[in-house]
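>>> model this:
(chains A and B)
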Amino acid sequence: MMASSYNAKEEDGHNSGASNNGGAGVVKSKKPDNTAFKQQRLPAWQPILTAGTVLPAFFVIGLIFIPIGIGLFVSSNNIKEFEIDYTGVDINNPCYNCAKNFSWNSTTPCVCSVPFTLEQPFESNVFMYYGLSNFYQNHRRYVKSRDDSQLNGDQSALKNPSKECEPYRTSEGQPIAPCGAIANSLFNDTLELYHIDSNGTRNTIPLVKKGIAWWTDKHVKFRNPGGNNNLTVAFQGTSKPVNWRKPVYELDPSDPENNGFINEDFIVWMRTAALPTFRKLYRIIQKKSSTTPTLPSGKYLLEITYNYPVLSFDGRKRMILSTISWMGGKNPFLGIAYITVGSICFFLGVVLLIIHHKYDTRNNSPDIPN
Amino acid sequence: LYIYLSLPQCVGEEIWVDSRTVYIGHKDPPPGAEANIPQRYPDNRIVSSKYTFWNFIPKNLFEQFRRIANFYFLVIFLVQLIIDTPTSPVTSGLPLFFVITVTAIKQGYEDWLRHKADCSINECPVDVVQQGKVVRTQSHKLRVGDIVVVREDETFPCDLILLSSSRHDGTCYVTTASLDGESSHKTYYAVQDTMAFRTEQEVDSLHATIECEQPQPDLYKFVGRINIYKDKEEPLGAENLLLRGATLKNTQHIYGTVAVYTGMETKMALNYQSKSQKRSAVEKSMNAFLIVYLCILISKAVINTVLKYAWQWSPDRDEPWYNHRTENERQRHMVIRAFTDFLAFMVLFNYIIPVSMYVTVEMQKFLGSYFITWDEEMFDEELGEGAQVNTSDLNEELGQVEYVFTDKTGTLTENNMEFIECCVDGNVYIPTIKVIISDIYILPNVCFEHEDLFFRALCLCHTVQVKEEETVDGIKRGIHQGRPTSFYISSSPDEVALVEGMKRLGYTYLRLKDNYMEILNKDDEIERFELLHVLNFDSVRRRMSVIVKSSSGEYLLFCKGADSSIFPRIVSGKVEQVKARVEQNAIEGLRTLCVAYRRLSESEYQEACHHLNEAKLALQDREQRLAQAYDIIERDFVLLGATAVEDRLQEKAADTIESLHKAGMKVWVLTGDKMETAAATCYASKLFRRSTQILELTKKRTEEQSLHDVLFELNRTVLRQRSISGYDRVSVGLSVDCLDFGLIIDGATLSAVLKANQERAGSGNYREIFLEICRNCSAVLCCRMAPLQKAQIVKLIKASKEHPITLAIGDGANDVSMILEAHVGIGIMGKEGRQAARNSDYAIPKFKHLKKMLLVHGHYYYIRIAELVQYFFYKNVCFIFPQFLYQFFCGFSQQPLYDTAYLTLYNISFTSLPILLYSLVEQHITMETLKRDPSLYRDIAKNSLLRWPVFLYWTCLGVFDAVIFFFGAYFLFDNTTFTSNGQMFGNWTFGTLVFTVLVFTVTLKLALDTHHWTWINHFVIWGSLLFYVIFSLLWGGIIWPFLNYQRMYYVFMQMLSSGPAWLSIILLITVSLLPDVIKKVLCRTMCPTATERAQVTYCHQLHSETKALNCLVSRLGVRCLSCSDFCFAKAINQLLLSSFYEN
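Predicted coordinates for the structure are as follows:
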């Protein structure tokens, strides 16, 4: 890339100058350095992917992957999971009426109870999720409709939320806190779980609502404006999101550490899901003693305060109970994938071995005559 | 062109438009002279800079955005600014800004350097004669018509007419090294009427005008006349014009020279205009791929837009209660919305055509070209210079050459002439090393008159200068013998060889003094001849003549030239004997010249003078008229004899040609020499073998048969042979041993072949037949070629239907046209000046360097850039295709999968350096193997690594990997958690997971392709992976105060805290790399290419060496190392060796 004509001229001038002087020094300086880099002779490792070198790798991969896969598959299979759809599409569903008669303006909450039976006891800690289907939390307009500064307790953002929150930015002339579509559509069904004894009495199962959100979210990313006390004052001059029944400072009046922006249910909701069918952690049922299972097999009742409409966009609501292993919830995919890939590698190793054997003798003879 | 443009303004005054009138010393013409039309000339300021301080930013930006790629990115950026797009304008704005800024800084810096250089040139002091005094002024203040004084070793500040010189004969010596690289001293002549001026007063008193043509770039042409009032007119030629940039030598000072062209109108400035841009085959395929990707991009956007609207048909999907549009958006018209969506998708997917590819390719080319200049093996000690790169755009083209067109003299041969013999009337004289007359082998029966005339002719008929040793600088020419104080310098080595040869035969040319040439004859007497006219050599006439007046008052015209141009003009002399000798010499590969003379009577001389002067005075068509005059004068010769000069083959020329042949290149020799000489050189250089069947397509044959018949006959021969050997060729591959053809064609026949086509377009398709014959010949020799014909041949081959890549290599000015015409032009820094080297794309000191240039550098550059281009597309398919797939799961809402930072930095920093460094240092085979086995070059012929199937493979691999990344993450995220505390991950974790797998996979894919792991590769590959991890940790580790979103906060850390995430990352990387590994291994095992075999062979060799060493070492008591990996062997080898020697 000779950048310009002028450079060429300069260089020519230089050349002639050099030859004019004719000294040995000038000639020497023009001689390229004999360095490994400039002569492209840097010492190098030169691996080649031949059947011979790749073969062991395939076998090793096979031998490692298959046990991992089996381990993953087994631990996934050991996980107990129970799922129940309570949307109320079907007329037989206890929540059918609640779903049908839903209106944003109704003041009395609609409650429905869904009975179910656990065939097997859930031994360890049980995690209770709610699941939504056909709910596009990952829609671009939805994902960006939030104001992280506001959620981080920033005063100016509280009073003047980001434009991204439109059309959920202001209501009745006051800024919405928390603003945006995500906050506005906070999941607000209340789920209660009862164990039904053999003699028919309902025993409330204690649901722990702490530890469902990321620690960093709860303690760093989300913060109430002006501390956790006196939220009513802090949120003065703001309006509640349109679809909410109560303002943000009343999300959990019983516990100031779980109220306002740092309400864990709220934080969980604010982490938008990757796919349109998703579940979110709702409560944790802690194991009480080592002798009795957390949820023994038997009859249960799920009592829902039905506030959240999903039928309008053909969505579904579910409640999921699941135990957790080191690898998370029930997901046979990873185990199966590992077993498959491991087997393929092993199989390929065998194929390559045959090919290698067949071709190597043929190829090598003309290759290395010396 | 501008001459014609200015025509309408002054119709009827063409002469003023075509020429300019310069008033010497700015004196008004005397009344009565032609009307003075004031012409405006530029001042003597040289402006090579492109920009000024003020216009730099707008002009530079304009220049940069004229490039289609930059413009495309600008449009994307503007779209992002204007409409609501999924990614922030920063993602495309930042890289674009970076690229533009870096380029602008680079260009600005270069321009600043140019400004500085301009300044120093424009302000250098110049002496000007004003009012009879010498005044010192600055160079840029010179105006046309100024009288300038130049002293020895000063450079001429503008184009000047030499009025008088400090030398008595009115000559001055000039070196034009900085113009055309010829460091020999050229003689320039003062105007006859003014050469007597000695003082500035005298010069200042001169009252004259100069009429000359308008500026034109040809350095060797100048036509004008000086009109001294009340006196006569005198012609001016190139020999009177001193060019800006040349340097005055051996002359104390020249007084009174007058500026005719100044500033940007000087021939030097006119010559430094940029050459036409050559584009490489790789660049063309890159552009084709780009168009494919552009189509993919647009179709992706269209598909998504259509699907989006199909999907959104129900309002519940379009605007569910939880996700309303703003009022503004709702009111927008459907069509506008759809169009905006389309643009938004375009923006989302635009990364598939990355800005960084252009930057990387440019950097690779620019930096990579240094390896050529740095190459020690291409450094020539004698010349003191190494290879030179004039354009780095064509590096990879060196690996694609199919046809090599080479000049003979100075390229294949040394151009170091040695006088071998001469023959006078059939008597042969051979000088031996010692200069003793008795050693000259003289045949009896000598006609002494002819002998004397012959030797005098050779002593007189030349343009050689004699140089005193101490004043000579530059490259020494000629063989330095005899008197140590002087030797000969000429632009033509043949002439030096001849004059040297004459010296050894007893006739020494002493000097040219006051227009008298002095010769020391055999009897040590000085003979003086008055030099009257020199009829210069040119390549069309192929001869030169001098007219001298002997001391006895005889007018003699001596002529020497090629046999073909002399023999037709002979009237008497022993033509048969000389002809026989000439032919014999030519067969031995010697360069022959014939010498003839003609005695002129007084009247004949006067007539010749008249012709010459008339032609010289002509302002228009001077060249043509001179040629006519020469034609009239140079006739009725008496043949004296012939000379033979040997031009030895360059070192390793044969080896180089053989290697090029083995590499599958067709080598054509294009020369101006006669057929026999050229053919002999071809045999010597192994271009033709003994087994080669020679097909002749020469004038001699076409005189006997018609061109038509000859062509068809040759074609039949060739085709017959091919049909016989066709079967073998297929099975054996292009075996070198099978009978091959060599074609010899001469200039006359060639032009007949080409012309026939023009006349009878369509019917007589000689051109096609000719090409068909050439295709089947492994070597072609074109002799008797004019420079332009050389270019024509190159053009012909270039335009043939396979569109092969051509390379032209030459050393002389006559090769420039073909060097410019060919895809790759290589100049040899030869003895015939630097013009070829200057106009070439690459310049090398010797022909043998071509081997390394093509087989090693060309090969490396090609595989490097091919991988670079393919890899870039691959990695961006991997990058963008998951985003495309994600649209199906996010309601076609243009939600980006990755965070903005990742989108921006993916191409800039996470994956840029490994491929750049790969493309700089990769060596898939060692240099030694490449040199040893030229046939490896065939593996990359015809752009084989960038053909559509390969491109398709890479794209499919990219799509496959993208599908693996996306659906791997999809199934992992599918409706479950993969943390051990039950917490869920969101969409940004999903994207980060995909992105992590992506970065690792594409980097490791490159690692798989790397065959040459130097510490640089290790550093860059592992370094950029580490950088990605560190960056991600940092990016998610802090609440960044300047960002209005914190979506990445702790996402990366949370992901890494989950075991299944790690497992799935490992799994997905493995699966993505698997097909490529399998393809590689299978291809290598089932049908290995020559390259792959060579790689394995190399390893096996190392292995066996190691084995032997191991045994040796184990005997010495050192523990035997069993090294299973052959390729570590080399290092271990050395280790063992050193320990072995210590023991």
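>>> any idea how far stretch A:331-340 is from the chain center?
Taking C-alpha atoms, centre = their mean, to the nearest Å, one finds the center of stretch A:331-340 at 19 Å from the center of the full chain.
>>> what residues of that stretch count as buried?
A:331, A:333-335, A:337-339 (16 or more other C-beta atoms under 10 Å in any protein chain shown). Just so you know, the C-beta spots here come from the backbone N, C-alpha and C atoms, and that holds for glycine as well.
>>> just the ones of these in helices?
Residues from the buried residues of stretch A:331-340 lying in helices, with DSSP state H as the criterion: A:333-335, A:337-339.
>>> quick one: A:Phe58 from chain B, how far?
For A:Phe58, the distance to chain B equals 9 Å [C-beta to the nearest C-beta, to the nearest Å].
>>> okay, now the nearest residue to B:Asp899 once chain neighbours are set aside: neighbour count?
If the residues on either side of it in the chain are set aside, B:Asp899 comes closest to B:Met1048, at 5.1 Å by C-beta to C-beta, 6 or more residues apart in numbering or on different chains. For B:Met1048, the neighbour count with other C-beta atoms under 10 Å in any protein chain shown is 23.
>>> do the same with B:Ser944
16.
>>> returning to what we had before: where does the residue nearest to B:Asp899 sit: helix, strand or coil?
coil (DSSP: H, G, I helix; E, B strand; the rest coil).
>>> just to check, it is in contact with B:Gly1036?
Yes: with contact defined as C-beta atoms under 8 Å, B:Met1048 and B:Gly1036 form a contacting pair (4.7 Å).
>>> could you list the low-pLDDT ranges of the stretch 651-800 of chain B?
B:721-739, B:756-764 (pLDDT under 70).
>>> which residues in it form helices?
B:653-662, B:675-684, B:699-704, B:707-732, B:747-759, B:766-775, B:787-799 (DSSP state H, counting those that start in this stretch).
>>> buried ones in the longest helix belonging to chain B?
Longest helix of chain B, by residue count under DSSP H: helix B:89-122. By neighbour count on 16+ other C-beta under 10 Å, the buried set for helix B:89-122 is B:89, B:91-96, B:99-100, B:103-104, B:107-108, B:110-111, B:113-115, B:117-118, B:121-122.
>>> ok, and does that helix reach over to chain A?
Yes: residues of helix B:89-122 are located near chain A by C-beta under 8 Å from any C-beta of the partner chain, namely B:107, B:110, B:114, B:117-118.
>>> and these, which is closest to B:Leu897?
Comparing the residues of helix B:89-122 next to chain A against B:Leu897 with C-beta to C-beta picks out B:Gln107 as the nearest, at 36.8 Å.
>>> how about that closest one, nearest residue that isn't a chain neighbour?
Per C-beta to C-beta, 6+ apart, closest to B:Gln107 is B:Asn60, 6.1 Å.
>>> list the helices and strands the strand or helix carrying the one you found packs on?
Here B:Asn60, judged by DSSP states H and E, is contained in helix B:56-65. Identification of packing neighbours for helix B:56-65 by 3 or more C-beta pairs under 8 Å, 6 or more residues apart in numbering or on different chains; DSSP states H and E yields helix B:68-82, helix B:89-122.
>>> list the contacts for B:Ile773?
Counting by C-beta atoms under 8 Å, 6 or more residues apart in numbering or on different chains, B:Ile773 touches B:695, B:697, B:711, B:714-715, B:718, B:743.
>>> out of these, flag the one nearest to B:Asp425.
The nearest one, if we look at the contacts of B:Ile773 relative to B:Asp425 and count by C-beta to C-beta, is B:Leu697, at 34.1 Å.
>>> need the helix or strand of chain A with the lowest average pLDDT.
Lowest on mean pLDDT, DSSP states H and E among the helices and strands of chain A sits helix A:5-21, with a mean of 34.
>>> give me the neighbour count for B:Gly573.
By other C-beta under 10 Å, neighbour count at B:Gly573 equals 19.
>>> where does it land on pLDDT?
Note on B:Gly573: pLDDT of 79.
>>> for it, phi and psi?
Phi and psi for B:Gly573, reported as degrees, to the nearest 10, are phi 120, psi 170.
>>> and the closest residue to B:Ser800 other than its chain neighbours, what is it in contact with?
Spatial nearest neighbour of B:Ser800, chain neighbours left out: B:Leu771 (5.0 Å); criterion: C-beta to C-beta, 6+ apart. With contact taken as C-beta under 8 Å, 6+ apart, B:Leu771 is in contact with B:796-797, B:800.
>>> now, among those residues, which is nearest to chain A?
Closest approach between the contacts of B:Leu771 and chain A, by C-beta to the nearest C-beta: B:Ile797, at 26.6 Å.
>>> correct me, but the closest one touches B:Tyr403?
Yes: judged on C-beta under 8 Å, B:Ile797 makes contact with B:Tyr403 at a distance of 5.5 Å.
>>> overlap in contacts, those two.
B:804, B:806.
>>> contact partners for A:Ser325?
A:Ser325 makes contact with A:75-76, A:78-79, B:980 under the criterion C-beta under 8 Å, 6+ apart.
>>> please redo it, this time with the cut-off set to 10 Å
A:72, A:74-79, A:124, B:980, B:1059-1060 (C-beta atoms under 10 Å, 6 or more residues apart in numbering or on different chains).
>>> tell me the pLDDT of it.
For A:Ser325, the predicted pLDDT is 88.
>>> now do B:Phe1140
45.
>>> repeat for B:Ala1094
pLDDT at B:Ala1094 comes out at 84.
>>> give me the element it is part of.
Here B:Ala1094 is assigned to helix B:1090-1115, by DSSP H and E.
>>> same thing with B:Val292?
helix B:281-311.
>>> from the chain's centroid, how far away is the helix or strand following that helix?
Tracing the chain past helix B:281-311, the next element assigned as helix or strand by DSSP H and E is helix B:315-318. Its chain's C-alpha centre lies 63 Å from the corresponding centre of helix B:315-318 when counted by C-alpha atoms, centre = their mean.
>>> now do helix B:315-318, average pLDDT.
81.
>>> heading C-terminal from that helix, find the next helix or strand.
helix B:327-331.
>>> buried residues in that following helix?
Under 16+ other C-beta under 10 Å, helix B:327-331 has no buried positions.
>>> center of chain B - which residue?
Nearest to the geometric centre of chain B sits B:Asp841, at 1.3 Å (C-alpha atoms, centre = their mean).
>>> what values do phi and psi take at it?
Torsion angles, degrees, to the nearest 10, at B:Asp841: phi -90, psi -40.
>>> swap in B:Glu402?
Residue torsions, per degrees, to the nearest 10, at B:Glu402 are phi -110, psi -30.
>>> ok, the closest residue to it other than its chain neighbours to B:Phe741 distance?
Once flanking residues are discounted, B:Glu402 sits nearest to B:Pro804: 3.9 Å by C-beta to C-beta, 6+ apart. Noted for B:Pro804: a distance of 18 Å to B:Phe741, by C-beta to C-beta, to the nearest Å.
>>> so which of the two has more stuff around it?
It is B:Phe741, of B:Pro804 and B:Phe741, that has more neighbours when counted by other C-beta under 10 Å, with 21 against 18.
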